[in-house]
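A.B. asks: Structure here, sequence nowhere to be found:
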C-alpha cells in the first residue's frame with residue numbers, strides 16, 4: 001500500500017476569476033450528462049436471511065429509472081455505485097466467507113465478472129467513482145476507529161491514504177463530478193463519545209461537538225471552515241458553496257440547510273423548509289435538490305417548494321442504502 005502524506009491545509013483566500021469563470025462555463029455544458037446511481041437492498045426471494053442489492057441508474061435529463069444489475073449483499077453496510085463510463089459497478093463486500101472485513105469490489109455489467117480490488121480495508125462507508133480514481137470513506141485494517149479519505153487508482157490498483165488524524169471520523173461525505181471536488185465533514189471520536197455519555201435519550205447536548213468541513217481535489221485536502229457546535233447530518237456542494245444541515249441532536253432528523261459561500265466565506269440560512277433525507281446533489285442555480293431517504297429518491301424544487309418522487313421502494317421489504325451523482329462523459 002502506498003501512503004500519501006497529504007494533510008488538510010488552511011483555506012486560501014485568493015481566487016482566480018478567470019479560472020472560476022472558465023469552470024462555470026465548462027459546468028454549464030456538462031450538467032445535462034449527469035445521472036444518479038442508487039442501491040436498493042432487499043431479501044432474496046424465497047429466503048429470510050439472504051439479501052442482495054439492486055443497482056439503479058437515473059438520468060437527470062432523460063428522467064428514466066433503469067435497473068442495471070443485482071449484486072450480493074455480504075458487507076456490514078451494502079453500498080454500490082454504477083459508473084456508466086467504465087461499465088462497472090463498484091461496491092463493498094466481505095473479503096471472504098470467513099473474513100468479514102469489507103473490501104472494494106467491481107462488477108462488470110457486460111460480462112458479469114466480479115473482481116476484488118483491495119486487501120487492506122475493514123469498513124467502507126462511502127464510494128465515489130471518478131474518471132481514473134475511486135474515492136473512499138473507509139477504515140483500514142488495523143487502524144483505530146477513524147474513518148478517513150482514501151483514493152484507489154483504477155489503473156495501478158494502488159490505494160493512497162490521505163494523511164489523517166486517527167481521532168477524526170468522517171460523518172458526511174459527497175462528491176461533485178462537475179467541480180471534481182470531494183466534500184466531507186468530520187469530528188473528534190473522543191469528543192463525540194464524551195458528549196454521548198452526557199446526552200439525554202434524544203441525543204441532544206447543548207455543547208455539541210466541533211464539526212470541521214473539508215474539500216479535496218485530487219489528493220489535495222483543504223480545510224474550509226468549522227461549523228457551530230452541534231451535528232452535521234447532511235452536506236452537499238456546487239460551484240457556489242457548501243450546503244449543510246446542522247442540528248443539536250446526534251440523531252438524524254429533518255432540518256433546514258445553511259450555506260457557506262466560497263467567494264466571501266459567509267454563512268447564511270439557505271432554506272426555510274425542513275429537509276428530510278440525505279442530500280445527494282444541488283443544481284448550480286440552486287433550484288433543484290436531490291435527496292434520498294430510506295425508501296424514496298426525491299427531487300425537490302426549492303423555487304416552487306414542490307417535490308417529485310423519482311423512485312419509491314417497497315417499505316415492507318426494501319431499503320435505499322446509498323445514492324451518488326455521476327457524469328456520463330461519453
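C.D. replies: Arrived safely, thanks for sending. The shown structure was predicted, so the numbers you read here are calculated from the model rather than taken from an experiment.
A.B. asks: what kind of secondary structure is the most centrally placed residue in the chain in?
C.D. replies: Here the mean C-alpha position of the chain is nearest to the C-alpha of residue 174 (CA atoms, centre = their mean), at a distance of 3.3 Å. On the three-state scheme (DSSP: H, G, I helix; E, B strand; the rest coil), residue 174 is labelled strand.
A.B. asks: do the same with residue 190
C.D. replies: Assigned state for residue 190: helix (three-state reduction, three-state DSSP).
A.B. asks: Cross-check the contact I'm expecting between it and residue 166.
C.D. replies: No. Distance between residue 190 and residue 166: 10.4 Å, which falls outside the contact criterion (CB atoms under 8 Å). For every residue, glycine as well, the C-beta is placed using N, CA and C.
A.B. asks: before we move on, back to that, please name the residues that touch the residue nearest to the centre of the chain.
C.D. replies: Counting by CB atoms under 8 Å, 6 or more residues apart in numbering, residue 174 touches 128, 182-184, 235-237, 279-280, 324.
A.B. asks: do the same with residue 275
C.D. replies: 234, 245, 254-257, 289, 291, 300 are the contacts of residue 275 under CB under 8 Å, 6+ apart.
A.B. asks: again, only this time at 7 Å
C.D. replies: Contact criterion CB atoms under 7 Å, 6 or more residues apart in numbering gives 234, 245, 254-257, 291 as the residues in contact with residue 275.
A.B. asks: Let's see if you can find the most crowded of those.
C.D. replies: residue 245 (27 neighbours; other CB atoms under 10 Å).
A.B. asks: Look at residue 223 and say how many residues are nearby.
C.D. replies: Using other CB under 10 Å: residue 223 sits among 14 other residues.
A.B. asks: what packs against the host helix or strand of it?
C.D. replies: For residue 223, the enclosing helix or strand under DSSP states H and E is strand 220-237. Under the contact criterion of 3 or more CB pairs under 7 Å, 6 or more residues apart in numbering; DSSP states H and E, strand 220-237 touches strand 8-9, strand 168-176, strand 181-188, strand 209-217, strand 241-247, strand 278-282.
A.B. asks: Describe which strands that strand pairs with in its sheet and in which direction.
C.D. replies: Here the strand partners of strand 220-237, with direction, are listed using DSSP bridges: strand 8-9 (parallel), strand 209-217 (antiparallel), strand 241-247 (antiparallel).
A.B. asks: I would like the residues contacting the second one, please.
C.D. replies: Pointing back at strand 209-217 there. Taking CB under 7 Å, 6+ apart as the criterion, the residues outside strand 209-217 that touch it are 8, 149, 180-188, 191-192, 195, 221-227, 229, 231-232, 242.
A.B. asks: need the contacts of residue 275 in TSV with pLDDT, can you?
C.D. replies: Conversion of these to TSV gives the following (pLDDT from 0 to 100):
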residue	pLDDT
234	92
245	92
254	78
255	86
256	90
257	94
291	96
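A.B. asks: tell me the two of the residues you listed that are most distant?
C.D. replies: Taking CB to CB as the measure, the contacts of residue 275 reach their widest spread between 256 and 291, a distance of 13.4 Å.
A.B. asks: Where does the prediction get shaky in this structure?
C.D. replies: For the chain, applying pLDDT under 70 flags the ranges 1-31, 143-144, 193-208, 252-253.
A.B. asks: Residue most distant from the centroid, it?
C.D. replies: residue 46 (32.4 Å).
A.B. asks: which SSE is it in?
C.D. replies: Counting by DSSP H and E, no helix or strand carries residue 46.
A.B. asks: which ones are touching the residue nearest to residue 256 when sequence neighbours are not counted?
C.D. replies: Distances taken as CB to CB, 6 or more residues apart in numbering place residue 271 nearest to residue 256, at 4.9 Å, with adjacent residues excluded. Contacts for residue 271 (CB under 7 Å, 6+ apart) come out as 256-257, 302.
A.B. asks: out of those residues, who's nearest residue 32?
C.D. replies: Checking these against residue 32 by CB to CB gives residue 302 as the nearest, at 19.6 Å.
A.B. asks: Now tell me what touches stretch 74-81 from outside.
C.D. replies: Stretch 74-81 is contacted by residues 37, 39, 41, 53, 55, 71, 89-94, 102, 123-125, 127-129, 321-322, 324 when judged by CB under 7 Å, 6+ apart.
A.B. asks: buried subset of those residues?
C.D. replies: Listed as buried from these are 37, 39, 41, 53, 55, 71, 89-94, 102, 123-125, 127-129, 321-322, 324; burial here means 16 or more other CB atoms under 10 Å.
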